[in-house]
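S.K.: below are the sequence and a predicted model; questions follow.
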Amino acid sequence: MGAKTQGALAALACLLLAAGCDDNGPMPDGGTESCSDGVMNQDETDVDCGGTACGATCTPGRACGFDSDCTTDNCDMGACLADGTCTDGERNGMETDVDCGGPMCMPCEVPLRCTRGPDCVTNICSPMGFCEEGGCGDGFVNAAAEECDGDGMGGEGETDACDPDCTSAECGDDYVNATAGEECEEGAVETATCDPDCTAPLCGDGYVNTTAGEQCDGDGAGTGGITPTCDLDCTPAECGDGRVNPMAGEDCDGNAAGVGGETPGCDVDCTPSECGDGVLNLMAGEECDDGNTDDGDRCSSTCEAPPSISIVGRQTFDTSTGELDGTVPAGWDATTSTLNVNNFVIPLGASVVVTGDEPLRVVASTDIRIDGQVLANGQDGADGQCDTTPPRAGPGGAGGPGGFAGGEGGGATTSGDGGDGDGPGGGRGATGERTGGGGGGHAEMGSPGLTGAMGSGTPGAGGASYGTGLTFEGGSGGGGGSVDDDPADGFTPSDDGGGSGGGGGGAVLLDAGRFLIMHGRVEAHGGDGGDELCDAGAGGGGSGGWIRLLAGAALPDIMGGVIDVSGGAGGASAFIGATGGDGADGRWEIGMPPLCMDGAQNQDETDVDCGGATCAARCADGLMCVDPADCTGGTCSGGTCGS
């Protein structure tokens, strides 16, 4: 629109609106004219807008004289036009050139006019006010060719959002953008030198990079550090790897510098070394460690082992006194009748004969090796004698260590009846004339004696079975046979004596802290019943004993060895049929503690080898309990059965 036309229209507007066009003239009511008084005055082109007084304040549709009167900078035919003239072929509104530039229209092409970078498609406006060509790195975004450029406001170079090639910074774009936190770039895939997030592989970053040799890394989900399953060096937590992992329950681990194993201050189970903790630590100076600090057992209170014993030739050990060939070894504990040793060895060709009232208990802190023999047998019963050779009968055979003696033969004293064998399964003695004594019982009942063809007495009954009990003891003795009453006037000194019963086999416990190897023989068989050389009854055999072989590190090796707990044979009689009964076999077992028969209170036992849910055996009166079900009698009071 021409200037003359615009001026004429402005004058016409003033004439039509008689309020006048004077600047800040007086209002009829005496007030001062302003751009907010609701009256077209001053040099306004419409009420309170336009003119030099109010400026570009007229909205579309209101009267104007110049473009500068309109908020849209577009005055045509005396009225402000609405925006949206970017396609009218004229430079109007806020355009910097025809239909382009400004805040309302698209940027202008090169070399059209501009006032600032955003007016141009190249984002570059020259100081002369014309759009110019630009390039990547000039700090201005050329929307037609660039995703970004520096900071987009003239600041050049790499930013955390823009790579130097004017593409958006992104892990996997093959450019290492350090400003964006990238340390490497391998296409957003794992390599030995780069994690998928474009950071260098680092143990402790919480990402497991197996290509870089990591086996674990923190929680594997972005949080690094030690976990119950992963060490700080990104290897699996394992006791013995030389790295202390408290979260895995380790108190120590080797030298804590990558070398695992036993050290003076750390056991192989990654707990601090301490005498009495049950873990042998040779580097801490321990010779043994039995899990307590008591003296009188397999290991002293200072973890010193008792001396080792090696049997030479044929030696005798007495369980009643602890004497080995007359000398008490340093490891003998008289309170428990236990021989404590470091190692116990019986070489091939050597043997130890065991006597005494107590079972043989050998407890080694280290190893037991038997290539020779352990002999803990019951003795044979004495033979009955004819009336011409007094004494006519002798005492029963002695039991092995912890075993029981056989009954005497009839006629040994002033009775013609045979004596009963000792022990819970002792065979019964024969009564009357010409009958055999019963065999001793143990794991099974002993066999009864037999009556001779012309015998008139009662044969001895076999002993009872008792081998399921908890008391560690040997076999029971066989019963004695009765006399041969030659004259019809009853028992007289001229009668033939009966054979006596054999002794029960002994009880033998060999308990090794580590390994037990038995390639020789361990015997605890019952003694045979005594024969009768004339016409009287013979004695019953003693029952076999009880042998227990235990080891702490592995099951005992008994390959090729012999364990003998057989019952003794009943004696024979010159009088046809008057023989003694055979003794029952004993019992034996091998195992690794804890067991329900290891002679110690462990597992959930309420007393030694009884009570609790693990062991079938119930506890006898006087033993400890926590529940009536722990006791044989079903009564538990104050922690004691039967109270």
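M.R.: Cool, the structure landed.
S.K.: going by C-alpha atoms from here, please, whenever you check contacts or count neighbours.
M.R.: Fine.
S.K.: tell me the bridge partners for residue 162.
M.R.: Under DSSP bridges, the beta-bridge partners of residue 162 are residue 168.
S.K.: do you know how far it is from residue 470?
M.R.: 85 Å (C-alpha to C-alpha, to the nearest Å).
S.K.: more neighbours: which of these two?
M.R.: residue 162 (22 against 17; other C-alpha atoms under 10 Å).
S.K.: what's the spacing between that one and residue 168?
M.R.: Separation of residue 162 from residue 168 (C-alpha to C-alpha): 5 Å.
S.K.: now the common contact residues for the two.
M.R.: residue 148 (C-alpha atoms under 8 Å, 6 or more residues apart in numbering).
S.K.: the stretch 451-600 of the chain: strands as residue ranges?
M.R.: With DSSP state E, counting those that start in this stretch as the criterion, the stretch 451-600 of the chain has strands at 507-512, 516-518, 521-523, 546-551, 562-564, 587-591.
S.K.: and what of the stretch 51-200 of the chain?
M.R.: Going by DSSP E, counting those that start in this stretch, the stretch 51-200 of the chain shows strands at 75-76, 79-80.
S.K.: who are the packing partners of the first one?
M.R.: Okay, so that is strand 75-76. Using 3 or more C-alpha pairs under 8 Å, 6 or more residues apart in numbering; DSSP states H and E as the contact test, no helix or strand touches strand 75-76.
S.K.: work out the gap between that strand and the centre of the chain.
M.R.: For strand 75-76, the separation from the chain centroid amounts to 89 Å (computed by C-alpha atoms, centre = their mean, to the nearest Å).
S.K.: quickly run through the sheet partners of it, with directions.
M.R.: strand 79-80 (antiparallel).
S.K.: what about residue 182, neighbour count?
M.R.: Around residue 182 there are 19 residues (other C-alpha under 10 Å).
S.K.: now do stretch 92-109: everything it contacts.
M.R.: By C-alpha under 8 Å, 6+ apart, the list of residues contacting stretch 92-109 reads 67, 72-74, 83-91, 112-115, 118-122, 131.
S.K.: got the CA positions of it in CSV?
M.R.: The C-alpha trace of stretch 92-109 is given here as CSV (Å, rounded to 0.1, in the frame of the first residue of the first chain):
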residue,chain,number,x,y,z
ASN,A,92,4.4,-8.3,4.7
GLY,A,93,3.7,-9.2,8.2
MET,A,94,6.9,-10.1,10.0
GLU,A,95,8.5,-11.7,6.9
THR,A,96,12.1,-10.8,6.2
ASP,A,97,11.6,-11.4,2.5
VAL,A,98,8.6,-12.3,0.4
ASP,A,99,6.6,-15.0,2.1
CYS,A,100,9.6,-16.3,4.2
GLY,A,101,11.6,-15.5,7.3
GLY,A,102,10.3,-14.2,10.5
PRO,A,103,8.6,-16.1,13.2
MET,A,104,5.5,-17.0,11.1
CYS,A,105,6.9,-18.2,7.8
MET,A,106,9.4,-20.8,6.6
PRO,A,107,13.1,-19.9,6.5
CYS,A,108,14.3,-18.1,3.4
GLU,A,109,16.6,-19.6,0.8
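S.K.: report the buried residues of it.
M.R.: Residues of stretch 92-109 classed as buried: 92-102, 104-109 (neighbour count, 16 or more other C-alpha atoms under 10 Å).
S.K.: these in helices, which ones?
M.R.: If you go by DSSP state H, those have nothing in helices.
S.K.: can you tell me the distance between the two ends of stretch 248-257?
M.R.: Termini of stretch 248-257 sit 17 Å apart (C-alpha to C-alpha).
S.K.: chain center to that stretch, what's the gap?
M.R.: Using C-alpha atoms, centre = their mean, the offset of stretch 248-257 from its chain centre is 16 Å.
S.K.: show me what counts as buried in it.
M.R.: Applying 16+ other C-alpha under 10 Å to stretch 248-257 flags 248, 250, 251, 252, 253, 254, 255 as buried.
S.K.: can those go into CSV with extra columns for pLDDT and secondary structure?
M.R.: Compiled in CSV, the buried residues of stretch 248-257 are given as follows (pLDDT from 0 to 100; DSSP: H, G, I helix; E, B strand; the rest coil):
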residue, pLDDT, secondary structure
248, 92, helix
250, 93, coil
251, 94, coil
252, 94, coil
253, 93, coil
254, 90, coil
255, 87, coil
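S.K.: just the element for the closest residue in space to residue 604 that isn't next to it in sequence, please.
M.R.: Spatial nearest neighbour of residue 604, excluding adjacent residues (C-alpha to C-alpha, 6 or more residues apart in numbering): residue 612 at 5.3 Å. Under the criterion DSSP states H and E, no helix or strand holds residue 612.
S.K.: now do the contacts for residue 201.
M.R.: 192, 193, 194, 195, 209, 212.
S.K.: what of residue 580?
M.R.: 435-439, 448-450, 460, 479-481, 529, 537-541, 569-572.
S.K.: 10 Å - rerun?
M.R.: 427, 429-430, 435-439, 447-451, 459-462, 478-481, 499-502, 528-532, 537-541, 569-573 (C-alpha atoms under 10 Å, 6 or more residues apart in numbering).
S.K.: same thing with residue 214?
M.R.: 192, 201, 202, 203, 204, 207, 208, 233, 234, 235, 236 are the contacts of residue 214 under C-alpha under 10 Å, 6+ apart.
S.K.: for burial, what's the neighbour tally of the residue nearest to residue 604?
M.R.: With other C-alpha under 10 Å as criterion, residue 612 counts 21.
S.K.: just use 560 as the starting number from now, easier for me
M.R.: Understood, numbering begins at 560; the last thing we discussed is residue 1171.
S.K.: what's the end-to-end length of stretch 1110-1130?
M.R.: Span of stretch 1110-1130 from end to end, C-alpha to C-alpha: 38 Å.
S.K.: any buried residues in it, and which?
M.R.: 1110-1111, 1114-1117, 1120, 1122-1130.
S.K.: over to stretch 1161-1168?
M.R.: Here stretch 1161-1168 shows 1161, 1162, 1164, 1165, 1166, 1167, 1168 as buried, counting by 16+ other C-alpha under 10 Å.
S.K.: how about stretch 893-912?
M.R.: Buried-residue list, stretch 893-912, by 16+ other C-alpha under 10 Å: 896-906, 909-912.
S.K.: tell me which of those residues fall in strands.
M.R.: 897, 898, 899, 900, 903, 904, 905, 910, 911, 912 (DSSP state E).
S.K.: what are the contacting residues of stretch 738-747?
M.R.: Taking C-alpha under 10 Å, 6+ apart as the rule, stretch 738-747 contacts 717-722, 728-737, 750-760.
S.K.: meant to ask about stretch 875-887, not that
M.R.: With C-alpha under 10 Å, 6+ apart, stretch 875-887 has contacts from 870, 873-874, 888-893, 896-898, 910-920, 933-935, 960-961.
S.K.: now stretch 638-647
M.R.: 568, 604-605, 617-634, 650-654, 656-660, 663-665.
S.K.: quick check: end-to-end length of that stretch?
M.R.: 17 Å.
S.K.: pLDDT and distance to residue 978 for the ones in strands among the buried residues of stretch 893-912 - can I get that in a markdown table?
M.R.: A markdown table is the format used below for those (pLDDT from 0 to 100; distance: C-alpha to C-alpha, whole Å):
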| residue | pLDDT | distance to residue 978 |
| --- | --- | --- |
| 897 | 94 | 32 |
| 898 | 95 | 34 |
| 899 | 93 | 38 |
| 900 | 93 | 40 |
| 903 | 97 | 39 |
| 904 | 98 | 40 |
| 905 | 98 | 38 |
| 910 | 98 | 33 |
| 911 | 98 | 31 |
| 912 | 98 | 27 |
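S.K.: using a markdown table, lay out these together with distance to residue 706.
M.R.: Listed next are these as a markdown table, based on distance: C-alpha to C-alpha, whole Å:
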| residue | distance to residue 706 |
| --- | --- |
| 897 | 91 |
| 898 | 91 |
| 899 | 87 |
| 900 | 86 |
| 903 | 87 |
| 904 | 88 |
| 905 | 91 |
| 910 | 97 |
| 911 | 98 |
| 912 | 100 |
